[in-house]
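# everything below, folded, please.
(one chain, ligands or ions: 2)
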Amino acid sequence: MVNTLSRRQLIKGASALAAGGVMDLTLVNLAFGEEGGAGDFTFAYISDSHLQHIEGAKFVRNWDRGLMRAVAEANLLDPKPDFVMFGGDLAQLGKREELDHGMEILSGLRYDNVRFVLGEHDYYLDLGEYWSEITKLPHWYSFDHKGVHFVVLNSILVDEDWINKWPSGAFRMNVMAGLDDPRGSPFMVGEKQRQWLAADLARIPKSTPVVVFSHSPIQKIFKNWNFWTDDAEQVQALLAPFDRSTVIYGHVHQIQYNQIGNISFNSVMGTSWPWPYPEAYAQAGSHLPVITVPMNRADPFHERDATGWQFVDVNTGNVALNYSLPDNSPRTVAYDPKLKRPRDLQLAEREIPPQKHY
Ligand SMILES: [Fe+2]
Ligand SMILES: [Fe+2]
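Ligands and ions are numbered 1, 2, ... in the order given. I've put the predicted structure just below:
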């Protein structure tokens, strides 16, 4: 599919937007059956808008614009995806103003079925209470669509002791909102939710494709920044018996992917800002999955670098990603059967040499 389904085919009438350059949207194609078969469908994925309230009716304009563009783009997709997922961190500090503002922007989506993943920036002010009120969703849930079983996890939980140690919810939210605040806590799915997941999956035949949406990666990448889920292995063990499972996550604001047994892991970019790869930031050890091809980035601190358009093809079981990034060349990162790993297919002479920023 990745070779035949171009951005132009998908987005008719989007030329004005395309000329604007930034399209903050991920489209995921699920074609687990025969190509073109009845079971094929797509869904769109928007993530990490981090809408930030300033005062009164004022919000950080750039983050607003990222989400608004994603909504416009999703509405222009043709054929229309079956549904839209929002991957978490709708708000920056979990405030009602921010969540309300986000829901207002997302109400522009011409889709009946928009679903949400809970991000830590939505959660730690009031432990997800208001988020549930406005999304009308529990913190974790599952649904079925055209023969695929979808699971939405809340992967940003922490121990009760940590929850209760702060003078206020706002204080707690501020600590968790800091990317590398040492007072933060590693995330987990937790035993209660894992038990729910085990029961949920027990009723699903092992041949059914399973797609998990989480906020933090259900793998261990970089603990200092909480690109990490403490009980990742236990969750992976529940997915391992299935023929095909895919974990799609936001949170990292980076391009990452990995394959562990039958589980493929794909990150989606944020509509707000990109995070540089850990090694490029602080000379800290990077634990990016070995098969992640670090995106060739002209400037990791460019506010729009890595917030572009992404097409994820999970048809083959190996991930193929097409990127359309501002101030960077369009590129495809795809599995190379000769190398037996993904590689950046961009022609070498067009590559922008990666820079290290210390
Ligand atoms: Fe985020
Ligand atoms: Fe996050």
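# and the closest residue to Gly178 other than its chain neighbours, what element?
Once flanking residues are discounted, Gly178 sits nearest to Gly184: 6.7 Å by Cβ to Cβ, 6 or more residues apart in numbering. Glycine gets a C-beta too; all of them are placed from N, C-alpha and C. Counting by DSSP states H and E, no helix or strand carries Gly184.
# give the contact list for Gly184.
175-176, 178, 226 (Cβ atoms under 8 Å, 6 or more residues apart in numbering).
# hmm, Asp231 is touching Gln193, no?
No - counting by Cβ atoms under 8 Å, Gln193 is not a contact partner of Asp231; they are 9.4 Å apart.
# just to revisit the earlier point, measure the residue nearest to Gly178 to ligand 2 for me?
To ligand 2, Gly184 is 11 Å away according to Cβ to the ion, to the nearest Å.
# then Val293?
23 Å.
# how many other residues sit next to that residue?
Neighbour count for Val293, taken as other Cβ atoms under 10 Å: 18.
# by mean pLDDT, flag the weakest helix or strand of the protein.
Lowest mean confidence among the helices and strands of the chain (mean pLDDT, DSSP states H and E): helix 15-20, at a mean of 31.
# show me what from the stretch 101-250 of the chain comes close to ligand 2.
119-120 (Cβ under 5 Å from the ion).
# so, low pLDDT: which residues of the protein?
For the chain, the stretches flagged by pLDDT under 70 are 1-40, 279-286, 294-335, 340-358.
# Asp100 - that's part of a helix, no?
Yes - the assignment for Asp100 is a helix, going by DSSP: H, G, I helix; E, B strand; the rest coil.
# list the contacts of it.
Neighbour list for Asp100: Ile134 [criterion: Cβ under 8 Å, 6+ apart].
# from ligand 1, how far off is it?
On the measure of Cβ to the ion, Asp100 and ligand 1 end up 19 Å apart.
# do Asn75 as well
Distance, Asn75 to ligand 1, using Cβ to the ion: 23 Å.
# give the burial count for the nearest residue to that residue once chain neighbours are set aside, as a bare number.
Spatial nearest neighbour of Asn75, excluding adjacent residues (Cβ to Cβ, 6+ apart): Arg110 at 4.9 Å. Arg110 is flanked by 10 other residues according to other Cβ under 10 Å.
# which SSE is Phe143 in?
According to DSSP H and E, Phe143 maps onto strand 141-145.
# thinking again about what came up before, in helices, which of the contacts of Gly184 fall?
Those of the contacts of Gly184 mapping onto helices are 175-176, per DSSP state H.
# the nearest residue to Ile204 once chain neighbours are set aside - how many residues pack around it?
Spatial nearest neighbour of Ile204, excluding adjacent residues (Cβ to Cβ, 6+ apart): His149 at 5.0 Å. The tally of other residues near His149 (other Cβ under 10 Å) stands at 20.
# likewise the one 3 residues further on?
Other residues near Val152 come to 24 when the count uses other Cβ under 10 Å.
# returning to what we had before: just checking, the residue nearest to Ile204 touches Val210?
Yes - with contact defined as Cβ under 8 Å, His149 counts as touching Val210 (5.0 Å).
# shared neighbours of those two, anything?
Here His149 and Val210 have 201, 204 as joint contacts, going by Cβ under 8 Å, 6+ apart.
# just the buried residues of stretch 166-181, please?
Within stretch 166-181, the residues that count as buried by 16 or more other Cβ atoms under 10 Å are 166, 172-177.
# check whether that stretch comes near ligand 1.
No - Stretch 166-181 is not in contact with ligand 1 by Cβ under 5 Å from the ion; minimum separation 9.2 Å.
# span of that stretch from start to end?
Taking Cα to Cα, to the nearest Å, stretch 166-181 runs 14 Å from one end to the other.
# now do it: everything it contacts.
92-94, 120-121, 124-127, 163, 183-185, 224-226, 275.
# which SS state does the residue in the stretch 151-300 of the chain that ligand 2 sits nearest to fall under?
Residue of the stretch 151-300 of the chain nearest ligand 2, by Cβ to the ion: His251 (3.8 Å). Counting by three-state DSSP, the backbone at His251 sits in coil.
# that one and Arg110, how far apart?
Using Cβ to Cβ, to the nearest Å, His251 is found at 27 Å from Arg110.
# helices of the stretch 51-200 of the chain, start to end?
Under the criterion DSSP state H, counting those that start in this stretch, the stretch 51-200 of the chain contains helices at 61-76, 96-106, 120-123, 129-135, 160-163, 169-177, 191-202.
# if we can go back for a sec, from Ser47, how far off is the residue of the stretch 151-300 of the chain closest to ligand 2?
8 Å.
# what is in contact with these two at once?
Contact with both His251 and Ser47 is made by residues 87-89, according to Cβ under 8 Å, 6+ apart.
# what's the closest non-adjacent residue to the residue of the stretch 51-200 of the chain found nearest ligand 1?
With Cβ to the ion, the shortest gap between the stretch 51-200 of the chain and ligand 1 falls at Asp89, namely 3.5 Å. Nearest non-adjacent residue to Asp89, counting by Cβ to Cβ, 6+ apart: Gly119, 3.5 Å away.
# next, count neighbours for the one you found.
28.
# residues contacting it?
Taking Cβ under 8 Å, 6+ apart as the test, what Gly119 contacts is 48, 87-90, 156, 215, 250-251.
# quick check: Gln234 touching Arg194?
Yes - using Cβ under 8 Å, Gln234 is in contact with Arg194, at 5.9 Å.
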